[in-house]
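Colleague: Pasting a predicted model and its sequence here:
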Amino acid sequence: MTKLSVNINKIATLRNSRGGDVPNLVKVAKDCERFGSQGITIHPRPDERHIRYDDVYDLKKIVTTEYNIEGNPTEGRFMEVVLDTNPTQVTLVPDKLGAITSNAGWDTIKNKDLLKELISTFKQEGIRVSIFVDPDVKMVEGAAETGTDRIELYTEAYATNYSQNKEMAIAPFVKAAEKANELGLGLNAGHDLSLDNLAYFHQNIPGLLEVSIGHALISDALYLGLENTIQMYLRQLQ
Ligand SMILES: CC(=O)[C@@H](O)[C@H](O)COP(=O)(O)O
Ligand SMILES: NCC(=O)COP(=O)(O)O
């Protein structure tokens, strides 16, 4: 079964835009779970443009499904807040300061020693570790050398190419997924997945355990309602 983890970064973006507490992030997270989401994902960035470090602690108190914290472990207070809150999963992403969004996976070969050390630290605390990688078999092989529990395939290239040629778009992701399965790596995926492209991805990727989706899902909810939207996404994963 592939779990849906709703990324609520964009709820925090809306909240921060007026400096108040509307929409309330904790309430939205609870409602996402009540509507069927099987996880809550957040990505605290050093500039706190959306998720604030305090949110990480507030959400830990109420998330009852899987709590997934994504981010760059070498920047800001990421390590501190993750080790303090002990989420279900941490997803390590090599985002550079100032990046408008995540835009690349790890070079798991060049960063092998760094990743091994970081992954060991989190695993010692019982936190499941996933690392963000491009759909590149060499990077998947490198990931297996780091001791990570899972990889998260960075799906922007799939989403970008899907409408033009879905068979071409999915091909590198199938190869990467098959390699992950062969090496015993758990398999997650995320970035720019949507109601348009999710079902085809799910049908063609073997062993897919979790998708984390935020931007498109929250945007769809503006028209379709949050409860209805979450259930529409869940139906794409059946
Ligand atoms: C790792 C990933 O692809 C997403 O979690 C991304 O980090 C979303 O971040 P923003 O919501 O800041 O675009
Ligand atoms: N890991 C991907 C994620 O959490 C959400 O990415 P997006 O759906 O906001 O592009």
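Modeller: Great, that's in hand. Ligands and ions are numbered 1, 2, ... in the order given.
Colleague: Could you check the pLDDT of the closest residue to Gln231 other than its chain neighbours?
Modeller: Excluding its sequence neighbours, the residue lying closest to Gln231 (CB to CB, 6 or more residues apart in numbering) is Gly36, at 5.8 Å. Any C-beta I mention is one placed from the backbone N, CA and C, and that applies to glycine too. Note on Gly36: pLDDT of 98.
Colleague: Gly36: neighbouring residues, count only.
Modeller: 15 (other CB atoms under 10 Å).
Colleague: cool, and Ala169?
Modeller: A count of nearby residues for Ala169, using other CB under 10 Å, gives 21.
Colleague: Quickly find the element holding it.
Modeller: helix 166-183 (DSSP states H and E).
Colleague: Who are the packing partners of that helix?
Modeller: Applying 3 or more CB pairs under 8 Å, 6 or more residues apart in numbering; DSSP states H and E, one finds that helix 166-183 contacts helix 137-144, strand 150-154, helix 156-162, strand 186-190, helix 198-204.
Colleague: wait, what's in contact with Leu14?
Modeller: Pro23 (CB atoms under 8 Å, 6 or more residues apart in numbering).
Colleague: That one in helix, strand or coil?
Modeller: At Leu14 the chain is in helix, as set by DSSP: H, G, I helix; E, B strand; the rest coil.
Colleague: Could you do Ile131 as well?
Modeller: Recorded secondary structure, Ile131: strand (three-state DSSP).
Colleague: okay, now it: neighbour count?
Modeller: 28.
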